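Student: my questions concern the predicted model and sequence given below.
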Amino acid sequence: MSATSLLRLAGVLSALLMGCVPVQELGKAPEFSSSDAEIAAMMQGDAPVPFALGDGNAASLWTGERGSLLGDRRAANSGDILTVVIEINDSAQMSNSSDRSRSGTQALSISQLFGLTQKADAKLPSGASLGSAVDLGSDSQFQGDGSVSRKEKLTLRIAATIVDTLPNGILAIQGSQEVRVNYELRELWVTGYVRPADITRQNEITYDKIASARISYGGRGLISQMQQPRIGQQLTESLLPF
């Protein structure tokens with residue numbers, strides 16, 4: 001075997017091993033993901049303007065500033081943070097049944113044909129006759145039944161950051177949350193687009209008001225790896241036709 005072939009074989013084996021268990025996670029807990037997009041949006045946001053000395057409204061509780069008692073504290077600018085409330089309790093059930101049947105019978109008899117049938121019967125074996133020359137019958141039946149039942153329930157809350165403001169005023173949000181317990185990492189991720197008017201006075205928005213919502217809830221670690229079939233098994237199942 002040539003050196004090139006050996007290098008290719010080593011590369012394939014390395015890829016298979018890395019597909020089974022990431023090398024960087026051997027003997028270690030899963031690493032946290034990066035949140036560069038959210039941090040960049042916060043850094044680019046407008047800084048609050050401090051009250052100037054001598055300003056008569058500096059100590060007033062009735063100013064329209066966001067930091068005042070009655071100010072609007074809802075997220076509105078890039079870098080602001082709001083709470084996304086995810087309460088999914090969906091269920092769907094569908095059933096369908098069909099029944100079809102068809103039958104047909106055709107018969108052709110030749111009782112008298114200038115006496116030819118009688119002459120033919122004399123030459124046929126005993127019991128055979130052309131009196132009923134053709135007798136056809138068919139029967140077809142079909143029956144199908146199917147049902148689909150689905151139920152999902154998920155209740156979560158996550159803080160998201162406004163990462164961009166579109167020209168029409170729509171806000172692009174992105175949020176992530178990770179909790180690591182021992183060697184298992186639980187991940188929650190949400191992105192989408194919201195209208196400023198849909199954000200409540202509590203600075204919250206429900207998931208059903210997020211356009212193009214992308215919500216991911218899962219995990220990675222030793223337990224998740226054990227629940228997944230090995231890459232060799234997946235490859236075998238995809239190649240074998242039976």
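Tutor: Right, received. Where do you want to start?
Student: break this protein down into its domains, please.
Tutor: Split into domains by automatic domain parsing, the chain comes to 34-44+65-89+152-242, 103-148.
Student: so, low pLDDT: which residues of the chain?
Tutor: For the chain, the stretches with pLDDT under 70 are 1-30, 32, 35, 42, 45-71, 107-119, 121-123, 127-137, 241-242.
Student: and the helices in it?
Tutor: Assigned by DSSP state H, the helices in the chain fall at 3-20, 36-44, 116-123, 222-226, 231-239.
Student: circling back: to residue 96, which of the domains of the chain lies closest?
Tutor: Among the domains of the chain, domain 103-148 comes nearest to residue 96, with 5.2 Å by C-beta to C-beta. In short, each C-beta sits where N, CA and C put it, glycine included.
Student: might one say that residue 88 is in contact with residue 207?
Tutor: Yes: between residue 88 and residue 207 there is a contact under C-beta atoms under 8 Å: 7.1 Å.
Student: give me the contacts around stretch 211-228.
Tutor: Contacts to stretch 211-228, defined as C-beta atoms under 8 Å, 6 or more residues apart in numbering, come from residues 21, 29-30, 86, 154, 156, 170, 183-194, 207.
Student: buried residues, that stretch. List them.
Tutor: By neighbour count on 16 or more other C-beta atoms under 10 Å, the buried set for stretch 211-228 is 213, 215, 219-221, 225.
Student: got the CA positions of that stretch in PDB?
Tutor: Taking Å, rounded to 0.1, in the frame of the first residue of the first chain, the C-alpha atoms of stretch 211-228 are listed here in PDB:
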ATOM      1  CA  ALA A 211     -41.800  36.000  13.500                       C
ATOM      2  CA  SER A 212     -39.400  33.400  12.000                       C
ATOM      3  CA  ALA A 213     -39.000  32.000  15.500                       C
ATOM      4  CA  ARG A 214     -36.200  29.500  15.800                       C
ATOM      5  CA  ILE A 215     -36.300  27.700  19.200                       C
ATOM      6  CA  SER A 216     -33.900  25.000  20.100                       C
ATOM      7  CA  TYR A 217     -33.900  23.000  23.400                       C
ATOM      8  CA  GLY A 218     -31.500  20.200  23.800                       C
ATOM      9  CA  GLY A 219     -28.200  19.200  25.300                       C
ATOM     10  CA  ARG A 220     -24.800  17.700  24.800                       C
ATOM     11  CA  GLY A 221     -22.500  15.600  26.900                       C
ATOM     12  CA  LEU A 222     -21.900  12.100  28.000                       C
ATOM     13  CA  ILE A 223     -25.600  11.200  28.400                       C
ATOM     14  CA  SER A 224     -26.500  12.700  25.000                       C
ATOM     15  CA  GLN A 225     -23.600  10.800  23.300                       C
ATOM     16  CA  MET A 226     -24.800   7.500  24.800                       C
ATOM     17  CA  GLN A 227     -28.300   8.100  23.400                       C
ATOM     18  CA  GLN A 228     -27.000   8.500  19.800                       C
END
